[in-house]
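# Here's my sequence, what's the structure:
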Amino acid sequence: MLLRILGTAAGGGLPQWNCACPGCAGARRHPSRRRLHDGLAVHGTKTDAWFLANATPDVAEQLESHVDLRPGAGCDRTPVVRVVLTDAELDHTLGLLRLREAARIDVWCTAPVHKALTTRLSLTDVLSPYTRLTWHDLPLTDAGPPAQVAGLEVSAVPLSDKRPRYAADEPAHPAWSTALKVRDPRTGTSALYAPALAHWSDLFGAEIAQSDCALLDGTFFDEGEPRRTGISQRTASEMGHLPIAGPQGTAERLRRLEAKIYYTHLNNTNPLVDPGAPQHERLGCLGLRVAEERMVVSL
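Next up, the predicted model:
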């Protein structure tokens, strides 16, 4: 199984078009610091079988930047695009519109996500004149067998009932925001992908302890970052993202695990967007790393 990192930034990317914070300004001065919206391509047992974990606004650029994700020799177009969604947030779903040139788009998601995308955003109505859009149920880890996607077993670990703003009045449901558990039945290896982690449940802790690799929410470095930088009056966890450092942070929990751990979904205010920031060394001492653009993890 191959995990191909397509992007590592939180909403807005890095730099964000309307922002001149130190992180965005640094990315404009140093193009190597630029980060696309957080996303992942996962290859199954055959290199030409893959699916997207979320479909970001940058999806066309992300697919084109990886040779193995382009149409193969003798194939005029990519016939089918498979997408597995962690939630219904715009940053993770707007790329579905960019994929309309595909002959078919297969999407796996949980029930509340499907309802939001089809009733609030009307994606089926919008995309049907362009392509064949097929929806599939994404089962929860404790509710039946996993979905079979590109030769891999995929299921969802419920994380929180955090809804996107456009669906804030929808009923609460534990699978509004999920982590993706991906297992290769051929090798037995597994990976966990959780770009938005609001709280650390016992179920999530058990799943990550059994994983060989995890890509986790690294939106904010510490709890007070949103307030300190002026982007919100709420703390990191109040915004639905556990911070990396501090008493409520994830770093101390993760240091005890044997899995390969990478932080992703970095906000432009996070000091880790600067490769020279001392926080990288602090994470390194704990055996933790920040995911880099176009990085490939082999399991």
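
# From here on, just use CA atoms for contacts and neighbour counts.
Fine.

# ok, Ala277 - how many residues close by?
By other C-alpha atoms under 10 Å, the residues close to Ala277 number 12.

# That one reaches Leu283, doesn't it?
No - Ala277 lies out of contact with Leu283 (C-alpha atoms under 8 Å); the separation is 10.9 Å.

# Read off the pLDDT value for Lys46.
Per-residue pLDDT puts Lys46 at 64.

# Ignore what I typed, I meant Arg256.
86.

# which residues does it contact?
By C-alpha atoms under 8 Å, 6 or more residues apart in numbering, no residues touch Arg256.

# Give me the secondary structure label for it.
coil (DSSP: H, G, I helix; E, B strand; the rest coil).

# same thing with Glu238?
Classified using three-state DSSP, Glu238 is helix.

# Begin at 45 from now on, thanks
Shifting the count to begin at 45 puts that one at Glu282.

# What is the burial count for it?
The number of residues packed near Glu282 is 12, by other C-alpha under 10 Å.

# Over to Ala335?
Neighbour count for Ala335, taken as other C-alpha under 10 Å: 22.

# surely it meets Tyr306?
Yes - judged on C-alpha under 8 Å, Ala335 makes contact with Tyr306 at a distance of 5.2 Å.

# and for those two, which residues touch both?
Leu259.

# quick one: the helices in the stretch 95-244 of the chain?
103-108, 134-137, 139-142, 155-159, 167-171 (DSSP state H, counting those that start in this stretch).

# right, and these - which one's nearest Val341?
Closest approach to Val341 among the helices of the stretch 95-244 of the chain (C-alpha to C-alpha): helix 103-108, 16.4 Å.

# Pull out the buried residues from that closest one.
103, 106-107 (16 or more other C-alpha atoms under 10 Å).

# Measure how far it is from the centre of its chain, please.
15 Å (C-alpha atoms, centre = their mean, to the nearest Å).

# now do stretch 233-253
On C-alpha atoms, centre = their mean, the centre of stretch 233-253 falls 13 Å from the chain's centre.

# likewise stretch 133-148?
Mean-position distance between stretch 133-148 and its chain equals 14 Å (C-alpha atoms, centre = their mean).

# got the CA positions of that stretch in PDB?
C-alpha atoms of stretch 133-148 as PDB (Å, rounded to 0.1, in the frame of the first residue of the first chain):
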ATOM      1  CA  GLU A 133     -16.400  20.300   4.800                       C
ATOM      2  CA  LEU A 134     -16.000  22.400   1.700                       C
ATOM      3  CA  ASP A 135     -12.200  22.100   1.800                       C
ATOM      4  CA  HIS A 136     -12.600  18.300   1.500                       C
ATOM      5  CA  THR A 137     -15.400  18.100  -1.000                       C
ATOM      6  CA  LEU A 138     -15.300  21.000  -3.500                       C
ATOM      7  CA  GLY A 139     -12.800  19.100  -5.600                       C
ATOM      8  CA  LEU A 140     -15.700  16.800  -6.700                       C
ATOM      9  CA  LEU A 141     -16.700  19.600  -8.900                       C
ATOM     10  CA  ARG A 142     -13.300  19.800 -10.400                       C
ATOM     11  CA  LEU A 143     -13.500  16.100 -11.300                       C
ATOM     12  CA  ARG A 144     -16.500  16.500 -13.500                       C
ATOM     13  CA  GLU A 145     -14.500  15.500 -16.700                       C
ATOM     14  CA  ALA A 146     -14.200  11.900 -15.400                       C
ATOM     15  CA  ALA A 147     -16.500   9.400 -17.000                       C
ATOM     16  CA  ARG A 148     -17.500   8.300 -13.600                       C
END
